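Asks: Give me a 3D structure for the following:
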Amino acid sequence: MKRKFLASLLLSASCLMASAQSGELMPQHYFKQTVPAGNYSGLTWLGGDRYAVVNDKAPADGFDVFAIDVNSSTGEISNVRKIKTLTSGFSYNRDAEGIAYFPTDSTVFISGEADNRIMEYTMEGKMTGREIKLPSDVIIPHGNYGLESLTYNAKTHRFWTTTESTLPADGQQANAVNGIRNHLRLMSFDDDLRYQGAITYIMDTPISNKWAKIYANGVSDLCALDDGRLLVLEREAYVASGYIGSWVVNRVYCINTTGPVMPQKKLVAMWRTSFNLIHKDFANYEGMCVGPRLSNGRQVIILCADSQNQKGKFLRDWFRTIVL
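Replies: Numbering: from 1, shown residues only. Below you'll find the predicted structure:
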């Protein structure tokens, strides 16, 4: 009995630690008049109020430039507007999912899920011919759950990327009913685009326990911080057969990239959106990046959701922030 009681206490303590949050989650907003319907799947801060944004179903290869206004006291987004679209000249879409600004050369790198390549672009949208090449043992099958995220930090001089779900060589992927935790490789690269190693990252156990019309469970983006830590955006999206009853649960965790090969996760923020008879705030967050610091020194993290081109006329292109 005593052992059971102690085990219960330990379990309760671990649950409390897992639910503790160290970031302040701001309300989500959409801007119908200034943000056209899209499939916004990643963003990166260019400085000031400018951000480069990728659209995974854009008619041509390239990226958009948005202006995002953030309240300097609260960190809440007050306005978002699209400025322009820059294209590489190619009419195909690489299923662009992640984007990272590389200030050393004033370029951006974009990860594509269709070709599972990370290519460099000028600020005019043209390919430079350089790319970040994955290790030879990272074999990603064609289709979904490929390269989804990308981030770079100028102070640590590191790029980070990962696949959305488990690689075939690393085990079975989570689905709506199997309860499997995804095992991912968070891969890093230096300023010369050379591979520097990987961290094993284990996602949370899925919430879903029944079949879905559409289901997605994976890491949808990463965000590298100045002190070497890494924010990881876990997203589980469940779409019911008649859409009513659909939901998305997002969790942002922080990990230390200089410690163990399999680091501990610290919960920064967690939120749930849904589509039912009462709530219609369903938001599939896929993009995350560092933004400005507030007047009090706190760090703002910017997030964007993929509305699937405002599918069904009820999904919206949501934006929100987390203040660390």
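Asks: For the residue nearest the centre of the chain, give me its contacts.
Replies: Nearest to the mean C-alpha position of the chain, by CA atoms, centre = their mean, lies D221 at 2.1 Å. By CB atoms under 8 Å, 6 or more residues apart in numbering, the contact list for D221 reads G42, G98, E148, S149, L150, T151, L233, E286, G287, M288, C289. Just so you know, the C-beta spots here come from the backbone N, C-alpha and C atoms, and that holds for glycine as well.
Asks: Enumerate the beta-bridge partners assigned to the second one.
Replies: When bridges are assigned using DSSP bridges, the partners listed for G98 are S111.
Asks: That one and N276: what is the separation?
Replies: 31 Å (CB to CB, to the nearest Å).
Asks: between the two, which one's more packed in?
Replies: G98 (31 against 13; other CB atoms under 10 Å).
Asks: The residue nearest to the centre of the chain falls within a helix, correct?
Replies: No. D221 is assigned strand when assessed by DSSP: H, G, I helix; E, B strand; the rest coil, not a helix.
Asks: how about the helices in this protein?
Replies: Using DSSP state H, the helices of the chain run over 2-19.
Asks: sorry, back to before: and the contacts of D221, which two are the farthest apart?
Replies: E148 and C289 (14.0 Å; CB to CB).
Asks: what stretches of the stretch 1-150 of the chain score poorly on pLDDT?
Replies: By pLDDT under 70, the low-scoring segments of the stretch 1-150 of the chain are 1-21.
Asks: and Y30, what is it in contact with?
Replies: R316, D317, W318, F319.
Asks: again, but for V290
Replies: So V290 contacts W45, N153, C223, A224, L225, Q299, V300, I301, I302 (CB under 8 Å, 6+ apart).
Asks: Let me know the closest of these to S106.
Replies: W45 (13.5 Å).
Asks: So the closest one versus I99, what's the distance?
Replies: From W45 to I99 the distance is 10 Å (CB to CB).
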